[in-house]
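Undergrad: Sequence isn't available, so here's the structure alone:
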């Protein structure tokens, strides 16, 4: 009889005990990447989902073989990881209606709308993002639903009751699905919260509350808002919430009722020798869904911690080292902090400052844990937070004007990569991490250039964090960087501007693996077929000149070279991974989108020139590429938020102009309410992922 040592039996018992909890996520990764176990799930998307990311953690069996099961289990049960999976893998098997009738893709139906934000200065802000919430990942909810999907825009101008909104939300946002189309979108709520909201809004996991920072004069306040639909008529007809309080307990009670509630928590005093309430103009709050805790920076270089935010009694922690002063280097030109990024795997918080340094602190015991990089950004300093991959435990910081006067040319752009852990502070190894030099210094890389965060492609996300590419735009040039252990290869992917420089400053880049058409095979196909039929080919399209579009069946991706909507035939070029597929299998036209804007100098004739929003499809993995579509904007755009990948109006992006609409570049229809015209004022926009239309 086989006898196992007691220790082995104990370990087996522990593994078996936790195994069922992770089973759903395990099944998701045992299936093809686009076929996870689908469950209806509310999906928030805000600025923080762009800065804390997850490459593929693999399966539980992979983790066990590597002796890393605990880490794998932690990752796949992180709410942010689960939200990311729902968002990235929404394209499921087509339903019966899709099999029978097919779907029109977004370029045909269009989804472009604009809404006035009121003041000519109203905008979400450079590097800031609208916040989008979908109550059910499998359904597009219009205003007629009990819980309509919505998108929230801060306005960056002072609110006034009966006048300008501090924050505004729109529902009925899906052009193809929501009716009547003349009422897309509608104002869901519009509030004057008593100050100026200049940074991104953060949403609760259930979608019923929001948190953001507002400034009153030069003092920052964390606002926690429980909204009520139907309050406020427009961006220029804002109302106060039903209840406004500075007491966390009062808000916690109000939150359980049916009225709207606002809690205002002024930041704790900081500084010496005379502590004072700091301001915050560049640090949106980062929320931990597990602990109901958020962290936020200020303009004085302090990091603040608030607990009980959406579920308990909210309040700021002022003991145990909080708030902590992170900008301790001598001779700083600015202590303004970016948004913090909390990595639950390492337990560390990372934040950049406007003098050009990266900092980390222990989220649990900050005292004595502060680590600082060397001076990395010598131009405008850091304006954006870093990106942290919580699966690989790698951090990426984006630098426009490096601190490298010894180089020829000097002051190049960089991406600096750090390996992160509690035992290896970022200051170890010289404080630069692995620095990738773009060799673009000189007159074309002025010290006024601003580094906004880049992004990774789907090959990176579906891999283990050691494949795929980073895309980063600086001074109007888009670069492609191979993600390898050596991290040494950078190439120009595209330059969509006439002249590079700060006049062509870029927004951050947002990536999304999306679907523009879906149907199903009418019969089995083998590994040799170069064409096949679907129930309805309407909506499938080959790419414009210079761009190849692709379809995916099961896990195989094929180049789409021809579409015949009369015979419902798709012609394809198949690669080395050819495999047979069964009748009824989903056929999805897929894209790996990049979205970004340039402040000016755009030069894509026939697409967009001047100040433009562009999209790229990088699924082919080619070394170079051109924009698929372009949209004129004013002053570039804010950060660009994505919707899910759903047809009939659900594959969208959201942003604002950075400048006021004008007679040349108007705010798209149906803007212009409340006495404003289409050619003036701040502009909130929705556009399709495929055609930006």
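TA: It's in. No experiment lies behind these values; they were computed from the predicted model shown.

Undergrad: so where's the stretch 301-450 of the chain shaky on pLDDT?
TA: 428-430 (pLDDT under 70).

Undergrad: change it to 80
TA: Within the stretch 301-450 of the chain, the segments meeting pLDDT under 80 span 422-425, 427-431.

Undergrad: next one: the chain
TA: 1-41, 88-110, 137-138, 176, 180-182, 422-425, 427-431, 546, 644-650, 671-679.

Undergrad: 70 - rerun?
TA: Using pLDDT under 70, the flagged stretches of the chain are 1-41, 89-110, 428-430, 645-650, 671-677.

Undergrad: In it, where's the longest strand?
TA: Secondary structure assigned by DSSP state E gives strand 586-604 as the longest strand of the chain.

Undergrad: all helices for this protein, in order.
TA: Ranges of helices in the chain, per DSSP state H, are 6-18, 23-30, 48-51, 60-66, 69-76, 79-88, 96-101, 106-109, 248-254, 458-462.

Undergrad: And for stretch 655-666, what's in contact with it?
TA: 114, 117, 120-126, 130, 153, 597, 599, 611, 613, 632-641, 667, 671, 678-685, 687 (Cβ atoms under 8 Å, 6 or more residues apart in numbering). Quick note: C-beta positions are derived from backbone N, CA and C, even for glycine.

Undergrad: and the end-to-end length of stretch 344-360?
TA: Chord length of stretch 344-360, first to last residue, is 13 Å (Cα to Cα, to the nearest Å).

Undergrad: Could you do stretch 119-137 as well?
TA: In stretch 119-137, first residue to last residue: 34 Å (Cα to Cα).

Undergrad: Same check on stretch 660-668?
TA: So stretch 660-668: terminal residues 12 Å apart, Cα to Cα.

Undergrad: Check stretch 363-373 too.
TA: End-to-end distance (Cα to Cα), stretch 363-373: 18 Å.

Undergrad: picking that back up, from the chain's centre, how far out does the longest strand of the chain sit?
TA: Mean C-alpha position of strand 586-604 versus that of the full chain (Cα atoms, centre = their mean, to the nearest Å) differs by 15 Å.

Undergrad: Quick one: neighbours of residue 631, just the number.
TA: Residues near residue 631, counting by other Cβ atoms under 10 Å, number 24.

Undergrad: wouldn't it be in contact with residue 608 here?
TA: Yes. The criterion here is Cβ atoms under 8 Å, and residue 631 meets it with residue 608 at 6.2 Å.

Undergrad: mind giving me the domain ranges of the chain?
TA: Split into domains by automatic domain parsing, the chain comes to 6-41+55-88, 144-325, 514-591.

Undergrad: Need the winner for burial among these.
TA: With neighbours taken as mean count of other Cβ atoms under 10 Å, the domains of the chain reach their highest mean count in domain 144-325, at a mean of 20.

Undergrad: just the strands in the stretch 501-650 of the chain please.
TA: Along the stretch 501-650 of the chain, counting by DSSP state E, counting those that start in this stretch, strands occupy 510-520, 531-533, 549-553, 556-564, 569-573, 586-604, 608-617, 629-632, 641-642.

Undergrad: Reformat the domains of the chain as TSV; add distance to residue 360.
TA: Listed next are the domains of the chain as TSV, based on distance: least, Cβ to Cβ, whole Å:
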stretch	distance to residue 360
domain 6-41+55-88	19
domain 144-325	10
domain 514-591	34
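
Undergrad: right, and those - which one's nearest residue 363?
TA: Judged by Cβ to Cβ, the one of the domains of the chain that comes nearest to residue 363 is domain 144-325, at 7.4 Å.

Undergrad: Between the two ends of that closest one, what distance do you get?
TA: Using Cα to Cα, the two ends of domain 144-325 sit 48 Å apart.

Undergrad: hmm, back to that, how about JSON lines for the strands of the stretch 501-650 of the chain, with distance to residue 165 added?
TA: Formatted as JSON lines, those follow (distance: least, Cβ to Cβ, whole Å):
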{"stretch": "strand 510-520", "distance to residue 165": "25"}
{"stretch": "strand 531-533", "distance to residue 165": "51"}
{"stretch": "strand 549-553", "distance to residue 165": "40"}
{"stretch": "strand 556-564", "distance to residue 165": "44"}
{"stretch": "strand 569-573", "distance to residue 165": "47"}
{"stretch": "strand 586-604", "distance to residue 165": "24"}
{"stretch": "strand 608-617", "distance to residue 165": "24"}
{"stretch": "strand 629-632", "distance to residue 165": "24"}
{"stretch": "strand 641-642", "distance to residue 165": "18"}
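
Undergrad: closest to residue 452 out of the ones you listed?
TA: Among those, strand 586-604 sits nearest to residue 452 (Cβ to Cβ), with 8.4 Å.

Undergrad: elements contacting the closest one?
TA: Where contact means 3 or more Cβ pairs under 8 Å, 6 or more residues apart in numbering; DSSP states H and E, strand 586-604 is packed against strand 469-474, strand 510-520, strand 549-553, strand 608-617.

Undergrad: possible to save these as a markdown table with distance to residue 213?
TA: Shown next, in a markdown table, are the helices and strands packed on strand 586-604 (distance: least, Cβ to Cβ, whole Å):
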| stretch | distance to residue 213 |
| --- | --- |
| strand 469-474 | 27 |
| strand 510-520 | 22 |
| strand 549-553 | 41 |
| strand 608-617 | 27 |
